[in-house]
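> Let's see this in three dimensions:
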Amino acid sequence: VPTATALAGKSRIALYFSAHWCPPCRGFTPVLAEFYDQLAEEDPSQLAIIFVSSDSDQSSFNQYYGTMPWFSIPFGAKQIETLGQKFHISGIPALI
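All right, here's what the predicted structure looks like:
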């Protein structure tokens with residue numbers, strides 16, 4: 001899905017830095033997904049979340065992202081490192 005299409009009409013956009021290998025991330029992701037689903041039921045235009053993966057391989061990314069109801073930056077995309085630096089991400093999970 002093109003970025004402009006995915007984010008059209010959203011009043012808030014969040015970046016979710018996370019990874020399958022991270023136990024705190026695996027604990028937080030279901031809580032965030034439940035919150036996101038509830039918010040989407042009330043008003044789908046309120047929030048878009050974009051997963052920014054720190055997974056080390058495509059298989060782990062696919063398995064973990066399969067549990068998420070939101071968008072993702074493709075695994076291994078150069079934007080992942082750029083976003084981490086821009087927002088000074090030093091640990092995960094991080095939601096900004």
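> Buried by neighbour count: which residues of the helix or strand harbouring E41 qualify?
Element membership for E41 (DSSP states H and E) is helix 23-42. Across helix 23-42, burial judged by 16 or more other Cβ atoms under 10 Å covers 25, 28-29, 32-33, 36, 40. Quick note: C-beta positions are derived from backbone N, CA and C, even for glycine.
> just stretch 84-92 next, same as before
Per 16+ other Cβ under 10 Å, stretch 84-92 contains these buried residues: 84, 89, 92.
> Quick one: end-to-end distance for it.
One end of stretch 84-92 to the other measures 10 Å (Cα to Cα, to the nearest Å).
> Determine the three-state secondary structure at the residue nearest the centre of the chain.
What sits nearest the mean C-alpha location of the chain, by Cα atoms, centre = their mean, is F51, with 1.8 Å. Of the three states, F51 takes strand according to DSSP: H, G, I helix; E, B strand; the rest coil.
> Return the member of the buried residues of helix 23-42 nearest to N62.
Nearest to N62 out of those is T29 (Cβ to Cβ; 14.6 Å).
> Surely the closest one touches A19?
No. Using Cβ atoms under 8 Å, T29 is not in contact with A19; the gap is 10.1 Å.
> which neighbours do these two share?
Counting by Cβ atoms under 8 Å, 6 or more residues apart in numbering, the residues touching both T29 and A19 are Y64.
> for the helix or strand containing Q63, which positions count as buried?
Q63 belongs to helix 58-65 when assigned by DSSP H and E. Within helix 58-65, the residues scored as buried using 16+ other Cβ under 10 Å are 60-61, 64-65.
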